[in-house]
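A.B. asks: Sequence plus predicted model, see below.
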Amino acid sequence: MTDDKMLRLHLAERLAASGHLRTAPWRVAVETVTRHEYLRGGFFDRVDGPGPTAWRPVMPDDPRWLARCYEDDSLVTQIAGTIVPRDIHGTIMRAPTSSRTMPSLVVRMLEDLCVEDGHRVQEIGSGYSTGLLSARLGDHLVTSKEVDRDVSVSTSVALGTGGYFPELVVGDGLAGHPDSAPYDRTIATCGVLDLPYAWVEQTKPGGFILATLCGWLYSSELARLTVGDDGTARGPFLGGQISFMLARPHLPPELGTLPDLDAADEQPTEIGAAVLDDWNTRFVAQLAAPRAQRFSLERNGRTEHVLLDVAAGAWAALAQDDRGAWTVRQGGPARLWDDIAAYVTRWRGDGAPALDRFEVTVTPAGQSVSWSKV
């Protein structure tokens, strides 16, 4: 038995033991598809230390490479939109823009997609998951769209090595691929702020759409929507604090020049910035301000927690006084923190339901999220 075959079997065993791998057909796929072929270009390992996060390349000639490919870990394959491991000697301190998702998350999502033999699947974002879908369903039933041409090419090579030749398309996945529609299932391996209505149009009535809904406060949840005969889609969050890199058109803008944070009077607030440390509360806050970004500043001897919606020009700056009470200053065309506090207060008044009691609805007019009282 080859080293990689043994690693695939061990990976399948670990994923089954953790409860992510639940059915025999997907287990066969995990035991068959060679994940390391999707990482032939190497990956970046995080370098822990003080200061900004640094990344160093790990290439196939590194003795750690093969075993790392079969660990249950997301492996960064691109930095800053264009930089790949072969470009770097030493370390780099820029933000990751592409990765091979951890196998447990990939498999959990594929299980949650509830495919059946003969289903045609549209995938947004190409990679290891494309190979698993091809192994499970047959490559003739898989269409995968990837925004990054280099990622699509490397995925195509890896798929071909395994004998899989699904339809691979380069372009904006948010538009889907209508040429091969309709699909029984649509799955996205990237996060989105709003689920595109194009995916609803391209998925058959009764079909599922599986996608991770996010905001720029970086709380996100996996949703499974069922497409209705009326051209809408709705469904619940599945729980588990799923996190993906955002689709590139949904990435937040640069903060740019900050507004004058002293241009408003300080007011008391019963809800302080500390509530945003909780995943569920932060998700609720995002519903009120999905395009607000959060950061901290040290000013005047205290920490200020700032939220800024660059496009709207709205901002809020929160801090604690000497007694630990929270205050807020707000500016711009909207009262950003007032909107967040109102949402959080209403959610708490309904019993602070867990996110699996929320429902997402997508219509031609847009997306809405609601919750059920406890």
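C.D. replies: Received the coordinates, thanks. Residues are numbered from 1 along each chain as shown.

A.B. asks: All the helices of the stretch 201-350 of the chain, in order from the start?
C.D. replies: 279-288, 336-349 (DSSP state H, counting those that start in this stretch).

A.B. asks: should've said the stretch 51-200 of the chain
C.D. replies: With DSSP H, counting those that start in this stretch as the criterion, the stretch 51-200 of the chain has helices spanning 65-69, 103-112, 128-137, 149-161, 197-201.

A.B. asks: of the ones you listed, which approaches residue 84 most closely?
C.D. replies: The closest of these to residue 84 is helix 149-161. By C-beta to C-beta, the value is 7.5 Å. In this view, the C-beta of every residue, glycine as well, is placed from N, C-alpha and C.

A.B. asks: okay, the angle between the closest one and helix 128-137?
C.D. replies: Relative orientation of helix 149-161 and helix 128-137, computed by axes from the mean of the first three to the mean of the last three C-alpha atoms, to 10 degrees: 30 degrees.

A.B. asks: Which strand residues bridge the nearest residue to residue 246 once chain neighbours are set aside?
C.D. replies: Nearest non-adjacent residue to residue 246, counting by C-beta to C-beta, 6 or more residues apart in numbering: residue 191, 4.6 Å away. Residue 191 has the following beta-bridge partners by DSSP bridges: residue 212, residue 246.

A.B. asks: for residue 227, same thing?
C.D. replies: Applying DSSP bridges, one finds that residue 227 bridges with residue 233.

A.B. asks: For burial, what's the neighbour tally of it?
C.D. replies: Other residues lying near residue 227 total 26 when counted by other C-beta atoms under 10 Å.

A.B. asks: coming back round to it: the residue nearest to residue 246 contacts residue 215, doesn't it?
C.D. replies: No. Assessed by C-beta atoms under 8 Å, residue 191 is found out of contact with residue 215, at 9.2 Å.

A.B. asks: Flag the shaky bits of this protein, pLDDT-wise.
C.D. replies: The model of the chain has pLDDT under 70 over residues 1.

A.B. asks: can you list the domains in it?
C.D. replies: Structural domains of the chain, as assigned by automatic domain parsing, span the residue ranges 23-32+102-249, 38-100, 267-349.

A.B. asks: how long is the first one end to end?
C.D. replies: Spelled out, that is domain 23-32+102-249. Start-to-end span of domain 23-32+102-249 (C-alpha to C-alpha, to the nearest Å) is 35 Å.
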